[in-house]
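Colleague: Provided below are the primary sequence and the corresponding predicted coordinates.
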Amino acid sequence: MSNDPVISEDIITPMISVDLEKVPEIFTRHIGTWKGKFIKTDKRGHFSGSFFVTITILIEGSQYRQVNNYEYSDGSHLQLNFEGYFEDRILKWFSSNYSDFSGTALDVGQDIIYFRMTKAQDNALITFIETVTLLDENHRVRSAQALKDGIFDGISFIEETRFS
C-alpha cells in the first residue's frame, strides 16, 4: 500500500500498511479522527456529566495508537495517549498516562468491537467494559459499563462522527 490519501465521501484517511494477518479488518475501519459528546450517567441512569471528545486512531503493521482529546465545559482540556499491539488478532493496549492501565479489544462480529480496560483510581480498581458499533463508515456509537471494585458504577455513551 502507498501512503497516498484515499478520498471517499469527503473523508481523507492516509493509507497505512496494516498487517491483516494480525489485525482484524473491523479495526482498520476505525482508523481516522472521530468527534462526539461523551455522556456519563450514575448507576441509576441519572446524568452525571458530559464533555466533548476527539479521538484519533492509527494502525501501522500490527501496532496501534490512539490519542483522546477531551474538552470540558469549564474550558479545560486533557489528552490521553494509548498504544498497543495485536497478538492472536486481539488488541493488547496500555497508556503512557496511567502506569496501571491495561486493556484488550477484539472483533465480536456484526461491526462491533469489544473493549475491556482496567486502571486504579482513588484506591479502587476501575473496569470499563465497552462496545463500539460501527453504524456506517463515518458513524459509530460507543457505550461502556463502569465497575468500581467489581460493583456497577454507571454507564457512559457517545455517538461519534469521523471527520478525517
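Modeller: Happy to help now that I have it.
Colleague: mind listing the strands for the protein?
Modeller: With strands called from DSSP state E, the chain shows them at 5-8, 11-14, 32-41, 47-60, 63-71, 77-87, 90-95, 102-109, 112-121, 124-136, 139-148, 151-162.
Colleague: if we look at the third one, which residues are touching it?
Modeller: When contacts are taken as CB atoms under 8 Å, 6 or more residues apart in numbering, the neighbours of strand 32-41 outside the stretch itself are 11, 13, 47-57, 70, 140, 154-164. Bear in mind the C-beta positions are built from the backbone N, C-alpha and C, glycine included.
Colleague: In ChimeraX, how would I select the buried members of the residues you listed?
Modeller: To isolate in ChimeraX the members of the contacts of strand 32-41 that are buried, counting by 16 or more other CB atoms under 10 Å, one can use:
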select :11,13,51,53,54,55,57,140,154,155,156,157,158,160,162
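Colleague: Can you list the low-confidence ranges for the protein?
Modeller: Scanning the chain for pLDDT under 70 picks out the ranges 1-16.
Colleague: re earlier: same list (the strands of the chain) but as a markdown table, adding distance to E25.
Modeller: What follows is the strands of the chain, written out as a markdown table (distance: least, CB to CB, whole Å):
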| stretch | distance to E25 |
| --- | --- |
| strand 5-8 | 15 |
| strand 11-14 | 15 |
| strand 32-41 | 15 |
| strand 47-60 | 11 |
| strand 63-71 | 14 |
| strand 77-87 | 12 |
| strand 90-95 | 13 |
| strand 102-109 | 8 |
| strand 112-121 | 11 |
| strand 124-136 | 11 |
| strand 139-148 | 15 |
| strand 151-162 | 16 |
